[in-house]
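**Student:** This is the structure alone, sequence omitted:
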């Protein structure tokens with residue numbers, strides 16, 4: 001796939017980037033180089049390669065999934081104009 005000057009201008013327009021006329025040719029070359037690299041990556045055989053989350057093997061730290069209020073409910077609602085039982089009271093909007 002090759003990018004022409006019209007495509008560079010369209011990409012710049014969609015990205016809301018001001019591109020001067022003398023920069024278009026340089027950007028066209030850079031975009032074509034990026035696309036060539038992506039095409040090169042698509043040729044790599046990754047069959048049998050497991051997805052990984054890190055380059056170093058590690059186990060994720062697990063914690064108990066416990067529901068709690070964080071222990072600071074009073075501090076959270078202390079600046080509210082109105083509260084009740086650790087809930088914010090707001091004026092009725094829909095009648």
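**Tutor:** That came through fine. Note that the coordinates shown come from a computational prediction; the quantities given were computed from them, not determined experimentally.
**Student:** what element comes up after the longest helix seen in the chain heading to the C-terminus?
**Tutor:** For the chain, the longest helix by residue count, based on DSSP state H, is helix 24-42. Tracing the chain past helix 24-42, the next element assigned as helix or strand by DSSP states H and E is helix 73-77.
**Student:** So what would you say the end-to-end distance of stretch 38-55 is?
**Tutor:** Length of stretch 38-55, first residue to last, C-alpha to C-alpha, to the nearest Å: 21 Å.
**Student:** Equivalent analysis for stretch 40-56, please.
**Tutor:** 26 Å.
**Student:** ok so, going back, rounded mean pLDDT for the longest helix of the chain, please.
**Tutor:** Helix 24-42 shows a mean pLDDT of 94.
**Student:** Which strands or helices does it pack on?
**Tutor:** Contacts defined by 3 or more C-beta pairs under 8 Å, 6 or more residues apart in numbering; DSSP states H and E place helix 24-42 against helix 5-14. C-beta coordinates here come from the backbone N, C-alpha and C atoms, glycine included.
**Student:** How far off centre is the helix it packs on?
**Tutor:** Mean-position distance between helix 5-14 and its chain equals 23 Å (C-alpha atoms, centre = their mean, to the nearest Å).
**Student:** Remind me what that helix packs against, helices and strands.
**Tutor:** By 3+ C-beta pairs under 8 Å, 6+ apart, helix 5-14 packs against helix 24-42.
**Student:** The helix it packs on: how far from the chain's middle?
**Tutor:** In this view, helix 24-42 has its centroid 23 Å away from the chain centroid, taken as C-alpha atoms, centre = their mean.
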